[in-house]
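**Q** Quick one: sequence plus predicted model below, questions after.
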Amino acid sequence: MSSETNMDLNNMEVRHCDTLIINASVIDGSGSAPFAADVAVDGGRIARIATDGSLRSWHALQVIDGSGKVLSPGFIDVHTHDDTNVIRTPSMLPKLSQGVTTVVVGNCGISAAPVSLKAEPPDPMNLLGEAGAFSYPTFASYVEAVNRAQPSINVAALVGHTALRSNQMDRLDRAATESEIAAMCAQLSEALAHGALGLSTGLAYGNAINAPTAEVLALAEPLANAGGIYATHLRSEFADILEAMDEAFRIGKHARVPVVISHLKCAGVENWGRSAEVLEALEQAQRYQPVGCDCYPYTASSSTLDLKQVTDTIDIMVTWSEPHPAMGGKLLAEIAAEWQVDLMEAARRLQPAGAVYHCMQDDDVNRILSHPASVVGSDGLPNDPLPHPRLWGAFPRVLGYYSREQKLFPLTVAIRKMTGLSAERFGLTERGLVREGYWADLVLFDPDTVRDAATFSDPMQPAEGIEAVWVNGALSYLGGTEKAATALRAGRFLARQAAAPAVVA
Ligand SMILES: [Zn+2]
């Protein structure tokens, strides 16, 4: 496919292009070593990559000097909850400012489509926005809305199991009946026919936990023919994590589709230090079926405030509360002390609410992040008034803190986990690599200064060191002192094209 495209481009003897990026150190997303090159972009694609200076004679509408900078594929955020935000806030600055050029939405069992709400969105669909933000009864209507909004970044989408349950069931604290499963399968099939990447579940959440494995097994059946994937927020990330992983592998095997374990972690003090065991289980499964995982580069998680996760063994920061908005930013323990009640009672009074849980250990995060099976996904929560800093910082944090400062892995590996491997894993074709003929999703950054600036107390801060971002060839973000989106918004909906790979290693 790409070699044919390359030949066509070579035969055309192009002497002009839209953009010429010269003198950059190219890290191409494949994991191979950096090389000095000039890159010509034309018509939204990478037209030519030259190491011999031969492009210097080309006529370009815009020439960018990349001296001292790294040019890599735009980052692919494989784990997001940006479903309605790509439409409501199409400049998507939290992601664009990190160098992200594609987001995968619809994770953790929750998606904006296909959804017909009867009341308020059930937990945790409320993370995606208020009831009014859900207006996509079919997947096709969502695709149309994304393309109409023309966000600054590309969007690919999974379909959420909890969203389907909410469409078809009168109550979510039970298993679906056969006819409800059939109705969910029909909706999933419609979505797959319109380019959905696959199915996601969030089996740990109250509104999905009563779905037995058999319900998910049946629902996953349409995936194989469509070349879809199964992504799962496991039924447990705590003591029962191995059993939960087994369930995920069983579903993938039954449906004959690749499995992505979402935000793999060892959560809870009792679970710390188990990452080696968890990764060994993942490697075992990889012998028999395609399995991978994503993770975010922090030791704190975030979601709605879950009564099952209330504990005094870690710090829990409340980020929002509908009945008590003034409590946002305070520790649950502080609130409980103020109210003179125990933690559980305070958490109950705060509902519905959101929280950051400092529930992981450095060693576990390091081990999972550096494992060859893992790719990076932010899991950022764009509708949280005090969002976990991963929303604005995940990708530069991998480059700055984990690669440059902690030396957890070389920059080439960091970039592979955020680009080429991510595209392979999620079946995004002609993305994720700096290759002639591929779409020109590119980021230029300073490897010496790139870093996340977002913190838990001041989370809405754009990263440092991201110099320029191109989406489908359009210069969409300028860093430096500006740190602003340009007027160009060139993102589009990315329909699943290729079957996900048979082997994910
Ligand atoms: Zn999740």
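**A** Okay, I see it.
**Q** can we go C-alpha only for contacts and neighbour counts from here?
**A** Noted.
**Q** Could you confirm whether whichever helix or strand Thr102 is part of reaches the ion?
**A** Using DSSP states H and E, Thr102 sits within strand 100-105. No - taking CA under 5 Å from the ion as the criterion, strand 100-105 and the ion are apart, separated by no less than 11.5 Å.
**Q** pLDDT of that strand, averaged?
**A** For strand 100-105, mean pLDDT is 98.
**Q** and that strand, what does it pack onto?
**A** Packing contacts for strand 100-105, counted by 3 or more CA pairs under 8 Å, 6 or more residues apart in numbering; DSSP states H and E, involve strand 75-77, strand 154-160, strand 466-471.
**Q** what's the closest of those strands to Ser179?
**A** strand 154-160 (18.3 Å; CA to CA).
**Q** okay, now the nearest residue to Ala468 once chain neighbours are set aside: neighbour count?
**A** Nearest residue to Ala468 in three dimensions, chain neighbours excluded: Leu478, at 4.7 Å (CA to CA, 6 or more residues apart in numbering). Other residues within reach of Leu478, judged by other CA atoms under 10 Å, total 19.
**Q** Could you tell me how far Leu478 is located from Asp65?
**A** Counting by CA to CA, to the nearest Å, the gap from Leu478 to Asp65 is 13 Å.
**Q** Walking through the stretch 351-500 of the chain, point out its helices one by one.
**A** For the stretch 351-500 of the chain, applying DSSP state H, counting those that start in this stretch gives helices covering 362-370, 390-397, 411-416, 420-425.
**Q** Among these, which comes closest to Ser97?
**A** Counting by CA to CA, Ser97 lies closest to helix 390-397 out of those; the figure is 7.6 Å.
**Q** for the host helix or strand of Met344, what is the average pLDDT?
**A** Taking DSSP H and E as the criterion, Met344 maps to helix 343-350. Mean per-residue pLDDT for helix 343-350: 98.
**Q** Identify each buried residue in it, please.
**A** Neighbour-count burial for helix 343-350 flags Leu343, Met344, Ala346, Ala347, Leu350 (criterion: 16 or more other CA atoms under 10 Å).
**Q** go on, stretch 347-360?
**A** Going by 16+ other CA under 10 Å, stretch 347-360 has these buried residues: Ala347, Leu350, Gln351, Pro352, Ala353, Gly354, Ala355, Val356, Tyr357, His358, Cys359, Met360.
**Q** Provide a list of residues in contact with the residue of the stretch 351-500 of the chain found nearest the ion.
**A** Using CA to the ion, the single residue of the stretch 351-500 of the chain nearest to the ion is Asp379, 7.2 Å away. By CA atoms under 8 Å, 6 or more residues apart in numbering, the contact list for Asp379 reads His79, Thr80, His81, His263, Tyr296, Arg390, Leu391.
**Q** which of those residues lies closest to the ion?
**A** Proximity of those to the ion (CA to the ion) peaks at His263, which lies at 6.7 Å.
**Q** Relative to Glu270, how far out is that closest one?
**A** 18 Å.
**Q** Comparing the two, which residue is more hemmed in?
**A** Using other CA under 10 Å as the criterion, His263 and Glu270 rank with His263 on top: 26 against 11.
**Q** and the spatially closest residue to that one that is not a sequence neighbour, how far is that from the ion?
**A** Leaving out its chain neighbours, the residue that sits closest to His263 by CA to CA, 6+ apart is Cys295, at 4.1 Å. The gap separating Cys295 from the ion is 10 Å, by CA to the ion, to the nearest Å.
**Q** what's the spacing between Cys295 and Met245?
**A** As defined by CA to CA, Cys295 lies at a distance of 15 Å from Met245.
**Q** before we move on, what about Gly53?
**A** Per CA to CA, Gly53 is found 51 Å from Met245.
**Q** same thing with Arg367?
**A** Here the distance between Arg367 and Met245 works out to 17 Å (CA to CA).
**Q** So which of these two has more stuff around it?
**A** Between Arg367 and Met245, Met245 has the larger neighbour count (other CA under 10 Å), namely 23 against 17.
**Q** tell me the secondary structure for the residue nearest the centre of the chain?
**A** Central residue of the chain (CA atoms, centre = their mean): His79, 2.1 Å from the mean position. With DSSP: H, G, I helix; E, B strand; the rest coil as the basis, His79 sits in coil.
**Q** Confirm for me that it is in contact with Asn107.
**A** Yes - counting by CA atoms under 8 Å, His79 touches Asn107, with 6.2 Å between them.
**Q** In space, what's closest to whatever residue of the stretch 101-250 of the chain ends up closest to the ion - neighbours in sequence excluded?
**A** The nearest approach of the stretch 101-250 of the chain to the ion comes at Cys108, 4.3 Å away (CA to the ion). Nearest in space to Cys108, with sequence neighbours left out and distances taken as CA to CA, 6+ apart, is Gly202 at 4.3 Å.
**Q** Surely that neighbour and Ser236 touch.
**A** No - assessed by CA under 8 Å, Gly202 is found out of contact with Ser236, at 9.7 Å.
**Q** With neighbour numbers in mind, choose between those two.
**A** Neighbours per residue (other CA under 10 Å) separate Gly202 from Ser236, with Gly202 holding more: 24 against 19.
**Q** For the more buried one, report the pLDDT, please.
**A** Reported pLDDT for Gly202: 98.
**Q** I believe Ile64 is in a strand; please confirm or correct that.
**A** Yes - Ile64: assigned to a strand according to three-state DSSP.
**Q** which residues does it form a beta bridge with?
**A** Per DSSP bridges, the residues bridged to Ile64 are Ile21.
**Q** gap between it and the ion?
**A** Distance, Ile64 to the ion, by CA to the ion: 39 Å.
**Q** so what's that residue up against?
**A** Thr19, Leu20, Ile21, Ile22.
**Q** so the third one touches Ala40, yeah?
**A** Okay, so that is Ile21. Yes - if you go by CA under 8 Å, Ile21 and Ala40 touch, sitting 6.4 Å apart.
**Q** neighbour-wise, which of those two wins?
**A** Neighbours were counted for Ile21 and for Ala40 using other CA under 10 Å; Ala40 has more, 26 against 22.
**Q** How about the more buried one, nearest residue that isn't a chain neighbour?
**A** Excluding the flanking residues, the one nearest Ala40 by CA to CA, 6+ apart is Leu20, at 4.5 Å.
**Q** Just want to check the distance between the one you found and the ion.
**A** 40 Å.
**Q** Give me the pLDDT value at Val14.
**A** For Val14, pLDDT reads 50.
**Q** Ile49 and Phe35 touch, don't they?
**A** No - taking contacts as CA under 8 Å, Ile49 lies outside contact range of Phe35: 10.7 Å.
**Q** count of residues packed around the nearest residue to Phe456 once chain neighbours are set aside?
**A** Spatial nearest neighbour of Phe456, excluding adjacent residues (CA to CA, 6+ apart): Pro389 at 5.7 Å. By the measure other CA under 10 Å, the count of residues near Pro389 is 24.
**Q** so who does Pro389 touch?
**A** Contacts of Pro389 (CA under 8 Å, 6+ apart): Gly380, Ala454, Thr455, Phe456, Asp458, Pro459, Met460.
**Q** Identify, from those residues, the entry nearest to Pro447.
**A** Nearest to Pro447 among the contacts of Pro389: Ala454, at 18.1 Å, using CA to CA.
**Q** so Ile27 touches Gly74, yeah?
**A** No - contact criterion CA under 8 Å: Ile27 and Gly74 do not qualify, at 11.0 Å.
**Q** So for these two, which sits in the more crowded spot?
**A** Gly74 (31 against 23).
**Q** Angles on the backbone of the more buried one, please.
**A** Per-residue torsions, Gly74: phi -60, psi 150 (degrees, to the nearest 10).
**Q** The ion versus that one, what's the distance?
**A** In this view, Gly74 and the ion are 23 Å apart by CA to the ion.
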